[in-house]
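1. What follows is a predicted structure for the sequence shown.
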Amino acid sequence: MMAFTLMVIVFVIGYTAIALEHPLKVDKAASALILGVLLWLVFILQVTSILDLGFSRAWESFLDSTDLTEFKTLYPDAGLLEQMRYFVIENQIVEHLGEISEILFFLLGAMTIVETVDQHQGFKLITDKIKTTNKVKLLWILSVLTFFMSAMLDNLTTTIVMVALLRKLVANKDTRWFFASMIVIAANAGGAWSPIGDVTTIMLWIGQQVTAANIIAMVFVPSVFNMVFPLIIVSFMMKGNVQKPELNGKEMQNYTTPGEQKLLLFMGVGALLFVPVFKTLTHLPPYMGMLLGLGVLWVTTEILHRNKAIEDKRKLTIIGILRKVDVPTIFFFLGILSAVAALESAGHLNLLSEYLDKNVHNIYGINAAIGLLSAIVDNVPLTAGAMGMYPIMSDALVAVSAEPEYMRHFVQDGAFWELLAYCAGTGGSILIIGSAAGVAAMGLEKIDFIWYMKRISLLAMVGYFGGIIIYWLQEQLLFHM
């Protein structure tokens, strides 16, 4: 039990180092990488004592899988310790690395596409149409735009695009941080009600816990209020105008023609919009659609600028643009997701899920807790844990259950799954590190963890709990009147 507890202690210490990035003057990516490796190190060194506790659902699944049969065929004389080491190294690390790599390549592709559009001054076509400098008006425009873009793309890609736009509209760093943070709230809210807007809703949709039409109908209104409640509060507090950044000589110099700007904007946005279509048509992972879009954009820029001067060509083709992509953000994702994966494999998240079920036993309480936890750890394993804990109930099983009213929440399109999509999707906004959108904004704008917690967390919490109340009212009006 000591080793199992030690993993929690290491996670808390590592998480604290990430949170205190600026006071410690140590980049969060470095802390995250060390944290990710240390947790797997403790796990493998104390694998027997940790797995013998019986908390790891992954280990139980492995014991009944063909992977174990293959291992015994290859190594007939191997003992239990060798089986456990094989489970950690060859099964879990490889499995999680595959899942993490999908996210990293998706992120890398999206960041490169957005940087390419930006380098060709494509976003200037949009920012030139936003004339207002009033802070409140601009915040509402950007938030609403983010909300609906996030539903069509996903919250991560939308945040990357909107932060790129924001750099063209707001010069002051603190104001830009505040706007970027509100964009994170809007992006997570927009992703929660769309079947393709967030990883968690995709999981629930593919797992058949929800249908596309129902998740849109039932989670849209709570998600709107999740964004609107913080915006209303901020509208009374915020005053004045934003100052647009002044362009220096190099930025004012046009390396591209208006035609090239339009072409790259439409191709870049089109490549991003193509990703969910590609996934629906081919059933291949989203990152493949993103890489295909990047490849087409790469060929286009090579052909478009093949006759230009070498210096201009380096600025405008993907090879040169890749040097400007924020690699530390990629490493940060790798570290933090590896750390969470270790906790999932060792059984910490499973133990937490079971505790909530036994001690809360209320769909609003359980989902609210899952949403709050998603502000600290990744919402994907939390959602996966909830999906594993509760099978999809049929009407026949509900009828013979001891608690038919409670169990009815777990049928397809039941209230538990709808609320899980909302809570897991929006709870991450409470901390900057709690969602892919937040981590992307943090990496791109170097937003300070403590600053976000002081200025934004309470606003995000108001929106989060406000949306839960709106969902409850919606349930009462539709089904209990």
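-> Arrived safely, thanks for sending. Bear in mind the structure is a predicted one, so any value in this text is a computation, not a measurement. Numbers count the residues shown, from 1 in each chain.
2. how about the helix or strand encompassing S223: buried residues?
-> Per DSSP states H and E, S223 falls inside helix 212-237. Neighbour counts using 16 or more other C-beta atoms under 10 Å place 214-216, 218-220, 222-231, 234 of helix 212-237 among the buried residues. Backbone N, C-alpha and C define where each C-beta goes, glycine included.
3. Phi first, then psi, for the residue of the chain most remote from its centre.
-> Relative to the centre of the chain, the most outlying C-alpha is that of D77, 43.3 Å out, by C-alpha atoms, centre = their mean. In terms of degrees, to the nearest 10, the main-chain angles of D77 are phi -100, psi 0.
4. quick one: average pLDDT of the helix holding S223?
-> Regarding helix 212-237, the rounded mean pLDDT is 92.
5. Check stretch 277-295 too.
-> For stretch 277-295, the per-residue pLDDT averages 87.
6. which stretches of the chain aren't confidently modelled?
-> Scanning the chain with the threshold set as pLDDT under 70 gives 206, 247-255, 309-313, 378, 380-381, 384-385, 388-389, 400, 479-481.
7. Residue ranges of each domain in it, please.
-> Domain segmentation of the chain under automatic domain parsing yields 2-102+328-479, 108-196+216-324.
8. how distant is the shortest one from the center of its chain?
-> To tie it back to what came earlier, the one meant is domain 108-196+216-324. Centroid separation between domain 108-196+216-324 and its chain, computed with C-alpha atoms, centre = their mean, to the nearest Å, is 16 Å.
9. And the first one, by the same measure?
-> In this view, domain 2-102+328-479 has its centroid 12 Å away from the chain centroid, taken as C-alpha atoms, centre = their mean.
10. which SSE is I100 in?
-> For I100, the element it lies in under DSSP H and E is helix 94-119.
11. now for that helix, which elements pack on it?
-> Of the remaining helices and strands, those touching helix 94-119 by 3 or more C-beta pairs under 8 Å, 6 or more residues apart in numbering; DSSP states H and E are helix 155-169, helix 258-282, helix 286-304, helix 318-321, helix 327-346, helix 436-445.
12. Let's have those helices in a markdown table, adding mean neighbour count and distance to D128.
-> Output for the helices and strands packed on helix 94-119, formatted as a markdown table (neighbours: other C-beta atoms under 10 Å; distance: least, C-beta to C-beta, whole Å):
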| stretch | mean neighbour count | distance to D128 |
| --- | --- | --- |
| helix 155-169 | 25 | 9 |
| helix 258-282 | 17 | 11 |
| helix 286-304 | 18 | 22 |
| helix 318-321 | 18 | 22 |
| helix 327-346 | 23 | 28 |
| helix 436-445 | 26 | 22 |
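13. Out of those helices, which is closest to R85?
-> When those are compared by C-beta to C-beta, helix 327-346 sits nearest R85, at 12.8 Å.
14. now that closest one against helix 436-445, angle please.
-> 150 degrees (axes from the mean of the first three to the mean of the last three C-alpha atoms, to 10 degrees).
15. so what's G425 closest to, chain neighbours aside?
-> Of all residues not flanking G425 in the chain, A192 sits nearest, at 3.2 Å (C-beta to C-beta, 6 or more residues apart in numbering).
16. Isn't that neighbour up against A421?
-> Yes: using C-beta atoms under 8 Å, A192 is in contact with A421, at 5.9 Å.
17. The two: who's more crowded?
-> For the pair A192 and A421, the greater number of neighbours falls to A421 (32 against 28), based on other C-beta atoms under 10 Å.
18. Tell me who's in contact with that one.
-> Contacts for A421 (C-beta atoms under 8 Å, 6 or more residues apart in numbering) come out as 192-193, 198, 200-201, 204, 210, 215, 219.
19. What's the local residue count around the closest residue to it other than its chain neighbours?
-> Take A421 and drop its neighbours on the chain: the residue closest to it by C-beta to C-beta, 6+ apart is T201, 5.0 Å away. T201 sits with 31 neighbouring residues when counted by other C-beta under 10 Å.
20. what about T201, helix or strand, and which?
-> According to DSSP H and E, T201 maps onto helix 199-206.
21. which other helices and strands contact that helix?
-> Packing partners of helix 199-206 (3+ C-beta pairs under 8 Å, 6+ apart): helix 173-192, helix 212-237, helix 379-389, helix 415-426.
22. and with 6 Å instead?
-> helix 379-389, helix 415-426 (3 or more C-beta pairs under 6 Å, 6 or more residues apart in numbering; DSSP states H and E).
23. For the residue farthest from the centre of the chain, give me its contacts.
-> Counting by C-beta atoms under 6 Å, 6 or more residues apart in numbering, D77 makes contact with nothing.
24. picking that back up, possible to save the helices and strands packed on helix 94-119 as TSV with distance to D413?
-> Compiled in TSV, the helices and strands packed on helix 94-119 are given as follows (distance: least, C-beta to C-beta, whole Å):
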stretch	distance to D413
helix 155-169	22
helix 258-282	20
helix 286-304	24
helix 318-321	43
helix 327-346	27
helix 436-445	26
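25. Run the angle between the helix holding S223 and helix 199-206 for me.
-> Helix 212-237 and helix 199-206 are oriented at 160 degrees to each other (the same axes, to 10 degrees).
26. got the angle between helix 212-237 and helix 415-426?
-> Going by the same axes, to 10 degrees, helix 212-237 is angled at 50 degrees with respect to helix 415-426.
27. So what does the residue nearest to E260 when sequence neighbours are not counted look like in phi/psi?
-> Nearest non-adjacent residue to E260, counting by C-beta to C-beta, 6+ apart: H120, 6.0 Å away. Phi and psi for H120, reported as degrees, to the nearest 10, are phi -90, psi 10.
28. quick one: the helices in the stretch 1-150 of the chain?
-> Under the criterion DSSP state H, counting those that start in this stretch, the stretch 1-150 of the chain contains helices at 2-19, 21-24, 28-45, 47-51, 57-63, 66-74, 80-86, 94-119, 124-127, 135-152.
29. what comes up buried for the fifth one?
-> Applying a neighbour-count criterion of 16+ other C-beta under 10 Å, the buried positions in helix 57-63 are 57-59, 62.
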